[in-house]
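Novice: fold the following and give me the result.
(one chain, ligands or ions: 1)
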Amino acid sequence: MPASPKAYVFDAYGTLFDVHAAVRRHADLAGPQAVRISEIWRNKQLEYSWTLSLMGQRTDFWRITCDSLDFALAAVPGWAPGARDALLDAYRKLDCYEEVPAVLKALRERGARTAILSNGSRRMLDDAVAAAGLGDLLDAAISADDAGVFKTSPRVYALVEQVLGIPPAQVSFQSSNRWDIAGAAAFGFRCAWINRTGQPDEYGDLAPQAVLRDLNGLL
Ligand code: 2OP
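Specialist: Numbers count the residues shown, from 1 in each chain. Down below sits the predicted model:
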């Protein structure tokens, strides 16, 4: 049986922080198609990250987050004035999922290191971690900014060893994004897919070691 991981590294958006919390918080401003706005916003944000990475263009994830919201608001009618600013402000302070603080605390009590590895810009991650009160429960919040490219480039996953000094085989990587798990598995991390919404599996050749409903399954 493999030894326990020395580090637990988490994707941020969708895994620790609920990306749909911003629209939920301002459902009155987002209008009758709030859920659709949130879905388009997230999907376009990811699309832009992959498109720009393939072009070799370096772009701040906050810029992508603003551009993708602009697309969603242009595509879906019915939102109220002030929606854009309110949604962007809320995105900087997203709710974390309820089990996150206790799970991070328990992992650290076992002696493991804990960290975020995210496409989010350094400032976005600092704001999100502070707003959710997770600062004392994380050893590091590692931004893809430092690699100049977004996940699923191996250069991003390589930042973990550079920052924590722990080799990939001793790292457990958690993400709710199956595409991120595929990238992390290809890189050599042990992976847990946090399948919060019961999605069907994909990327069959790049499977996680575990599929969990939420982060409590790590304990
Ligand atoms: C991340 O936090 C975008 O969810 C992705 O890296």
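Novice: so where's this protein uncertain?
Specialist: Residues of the chain that meet the criterion pLDDT under 70 lie in 1.
Novice: tell me which parts of it are close to the ligand?
Specialist: The chain comes close to the ligand at residues 11-14, 118-120, 151, 177, as judged by C-beta under 6 Å from any ligand atom. C-beta here means a position set from N, CA and C on the backbone, and glycine is covered the same way.
Novice: now with 8 Å, please.
Specialist: Contacts of the chain with the ligand, taken as C-beta under 8 Å from any ligand atom, map to 11-15, 17, 19, 45-46, 49, 61, 116-120, 144, 150-151, 175-177, 180.
Novice: distance from the chain centre to stretch 156-174, please.
Specialist: In terms of C-alpha atoms, centre = their mean, to the nearest Å, the centre of stretch 156-174 is set 16 Å apart from its chain centre.
Novice: now the longest helix anywhere in the chain, how far from the centre of its chain.
Specialist: For the chain, the longest helix by residue count, based on DSSP state H, is helix 34-55. Taking the mean of its C-alpha atoms, helix 34-55 sits 13 Å from the chain's own mean (C-alpha atoms, centre = their mean).
Novice: buried set for it?
Specialist: Within helix 34-55, the residues scored as buried using 16 or more other C-beta atoms under 10 Å are 34, 36-42, 44-46, 48-49, 52-53.
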